[in-house]
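Undergrad: quick check, what structure comes out for this input:
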Amino acid sequence: MEPIAFADESVGLDGIIDDDSIEQLKSFCRGEMSAVETYRQAIAAAGDGWVAEHLRLNLASHEARVKLLRRRIEELGGDPPESSGPWGAFAKAVERTAVAMGHRTALSALAEGEGHGLKDYRDDLEELDSESHILVRDVILPQQVWTLRWVTNLKRNIP
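TA: Sure thing, here's the model as predicted:
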């Protein structure tokens, strides 16, 4: 069923006006876009070794989440963000500095970003309409937990 759009407001599948959901989903999407940019930077710095290969798994997860969030925003009648915004620029600067300091520092910065993302999802889950809530709770949030664990474990294996 197609959502019905009314001027600047969108009505979700549950019949509730979802402007707040759209804005929250956009925020989540910008965070995921920032993660994609940051992982690409870390992978480029890591070269072709095993660290880069492991980072590509997290990158793929974040890319998939961007697609899911963009699709949900569009379903609700919103326009997905074009960029990660100011937070993305800040995250890239932090990662660039961390990369210059070595793999372990770069992985620490990635883990911190993953933790921040997890906190955002948990803190703002209740701001979503029911369909978006289910998507984030059942699909996106478990993937965020997985990418945080993965990068944390990877960091532990770097001398």
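Undergrad: for the rest of this, base every contact and every neighbour count on C-alpha atoms.
TA: Will do.
Undergrad: hey, which helix is longest across this structure?
TA: helix 19-46 (DSSP state H).
Undergrad: avg pLDDT for that one?
TA: The average pLDDT within helix 19-46 is 91.
Undergrad: which is the succeeding secondary structure element to that helix?
TA: helix 50-75 (DSSP states H and E).
Undergrad: what angle sits between that following helix and helix 19-46?
TA: Put simply, helix 50-75 runs at 160 degrees to helix 19-46, going by axes from the mean of the first three to the mean of the last three C-alpha atoms, to 10 degrees.
Undergrad: would you mark the buried spots in helix 50-75?
TA: 51-52, 55-56, 58-59, 61-66, 68-70, 72-73, 75 (16 or more other C-alpha atoms under 10 Å).
Undergrad: now stretch 130-139
TA: Ser130, Ser132, His133, Val136, Arg137.
Undergrad: for the third one, what are phi and psi?
TA: Spelled out, that is His133. phi -60, psi -50 (degrees, to the nearest 10).
Undergrad: ok, it - contacts?
TA: Neighbour list for His133: Leu125, Glu126 [criterion: C-alpha atoms under 8 Å, 6 or more residues apart in numbering].
Undergrad: and what of the last one?
TA: If a contact means C-alpha under 8 Å, 6+ apart, then Arg137 has Leu125 as its contacts.
Undergrad: quickly note the distance from it to Gln143.
TA: 10 Å (C-alpha to C-alpha, to the nearest Å).
Undergrad: please apply the same query to the first one.
TA: For Ser130, the distance to Gln143 equals 19 Å [C-alpha to C-alpha].
Undergrad: before we move on, what about the second one?
TA: Look at Ser132 and Gln143: by C-alpha to C-alpha, they are 15 Å apart.
Undergrad: could you do the fourth one as well?
TA: If you measure Val136 against Gln143 using C-alpha to C-alpha, the figure is 10 Å.
Undergrad: so Ser83 sits in a strand?
TA: No: using DSSP: H, G, I helix; E, B strand; the rest coil, the assignment for Ser83 is coil, not a strand.
Undergrad: got the phi/psi numbers for it?
TA: Dihedral angles (degrees, to the nearest 10) for Ser83: phi -150, psi 170.
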